[in-house]
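> 3D, please:
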Amino acid sequence: MTAARDLFPRWAERRIKTQGAEIVVRTGGSGPPLLLLHGYPQTHACWHKIAAELARHCTLVVADLRGYGASSVPADTPGHMSYAKRTMAQDCLGVMGSLGHARFMVGGHDRGGRVAYRLALDHPEAIMALLPIDILPTAEVWRRVSAESAVASYHWGFLAQPAPMPERLISTDPLFYLEHTLKSWTKSGDLSPFSVEALAQYRALLQDPNRVHAVCEDYRAGAGIDRQLDEADLKSGRKISCPTFVAWGRDYLGKRGAEPLQVWRAWCSELSGAEIDSGHFLAEENPDAMLAAVLPFLVSQGTTAGAGHGERR
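Residues are numbered from 1 along each chain as shown. The predicted structure is shown next:
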């Protein structure tokens with residue numbers, strides 16, 4: 001048997017202790033710092049098709065969220081706070097601070113996008129620019145639940161059910177559940193967008209009972225504290241102040257009934273964005289179009305902010 005190909009060859013790997021977790025990151029490139037955060041049910045491997053090109057323009061940091069990939073699995077706390085996006089955002093600050101980045105750009109897909117925009121809301125002094133990928137804010141998703149969205153996004157309610165119901169059901173056939181989920185969110189309806197190596201990481205995630213529980217806690221936090229914090233921000237008129245670029249898939253968020261830029265406009269002071277010919281997994285399904293859409297924004301924001309503000313010191 002041959003060893004699996006490293007999706008980030010010659011990139012440094014570090015395990016960084018934060019308040020309550022140990023976060024695994026890969027780093028490469030040079031220029032203004034950019035942190036990328038994956039979604040569910042994935043790991044940092046989801047960025048491997050676009051990482052090399054991004055690293056030509058940025059100091060790129062790709063991380064496994066707590067409970068995912070090779071990062072640690074913190075114990076539960078009351079109110080699911082161990083997996084609240086506010087808590088995960090604190091992990092990100094700790095990671096980037098350890099790497100010497102006081103200010104940085106952040107992008108996130110799916111669950112990682114929710115961590116990313118919470119970072120921008122809670123710590124505006126640290127965030128140079130924001131890139132949420134194929135999501136609407138958590139409170140907006142819950143507000144807009146309809147018969148159609150409840151069926152299309154059934155996992156939101158399912159994974160948020162009290163333990164151990166979803167954990168036990170997933171663990172009876174984790175590979176079927178994982179592959180069904182991935183297929184149903186791609187434009188092609190199959191696993192062809194995913195590399196063998198990335199799929200191995202995604203399969204391992206849901207074959208580990210501790211991580212199955214962790215990702216359910218992630219969604220329980222989404223139905224509770226994450227939604228509540230979003231609603232409080234909306235009520236107070238608090239907005240994301242940094243430049244924000246929203247990217248979404250034509251065959252996923254683009255089909256969900258809401259116009260993404262219109263929704264995000266209520267949350268952001270400075271907003272732009274683009275639709276990509278893709279399902280949910282933009283960086284793996286259509287990496288060339290993804291790069292063409294986001295690179296001009298990232299390069300311009302890194303230049304405008306000034307490399308000296310956020311680069312490693």
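> alpha carbons only for contacts and neighbour counts from here, please
Noted.
> wait, is A221 part of a helix?
Yes - counting by DSSP: H, G, I helix; E, B strand; the rest coil, A221 falls inside a helix.
> Now for it: which residues touch it?
79-81, 83-85, 160, 227 (CA atoms under 8 Å, 6 or more residues apart in numbering).
> if we go to 10 Å?
By CA atoms under 10 Å, 6 or more residues apart in numbering, the contact list for A221 reads 79-86, 160, 215, 227-228.
> Assumed E179 was part of a strand.
No - in this structure, E179 is helix, not part of a strand, as judged by three-state DSSP.
> For it, which residues are in contact?
E179 sits next to 41, 190-191, 199, 202-203 when contact means CA under 10 Å, 6+ apart.
> measure it to S30 for me?
35 Å (CA to CA, to the nearest Å).
> And for V299?
12 Å.
> anything in contact with each of those two?
With CA under 10 Å, 6+ apart as the test, V299 and S30 both reach 54, 57-58.
> Residue ranges in the protein under the pLDDT threshold?
Applying pLDDT under 70 to the chain flags residues 1-4, 305-313.
> Find the nearest non-adjacent residue to Y219, please.
Leaving aside its chain neighbours, Y219 sits nearest to A160 (5.1 Å; criterion: CA to CA, 6 or more residues apart in numbering).
> Next up, the contacts around that neighbour.
Per CA under 10 Å, 6+ apart, neighbours of A160: 166, 215-224.
> Can you report how many residues neighbour P296?
11 (other CA atoms under 10 Å).
> Buried by neighbour count: which residues of the strand or helix carrying it qualify?
Per DSSP states H and E, P296 falls inside helix 287-305. With burial defined by 16 or more other CA atoms under 10 Å, the residues of helix 287-305 counted as buried are 287, 290-291, 293-294, 297-298, 301-302, 305.
> If we only consider the residues you listed, which is nearest to K255?
The shortest approach to K255 among the buried residues of helix 287-305 belongs to M290, at 18.0 Å (CA to CA).
> now the helices for the stretch 151-300 of the chain?
With helices called from DSSP state H, counting those that start in this stretch, the stretch 151-300 of the chain shows them at 154-159, 165-172, 174-185, 196-205, 209-221, 227-236, 260-265, 282-285, 287-305.
> of all those helices, which lies closest to H101?
Comparing the helices of the stretch 151-300 of the chain by CA to CA, helix 287-305 comes nearest, at 13.1 Å.
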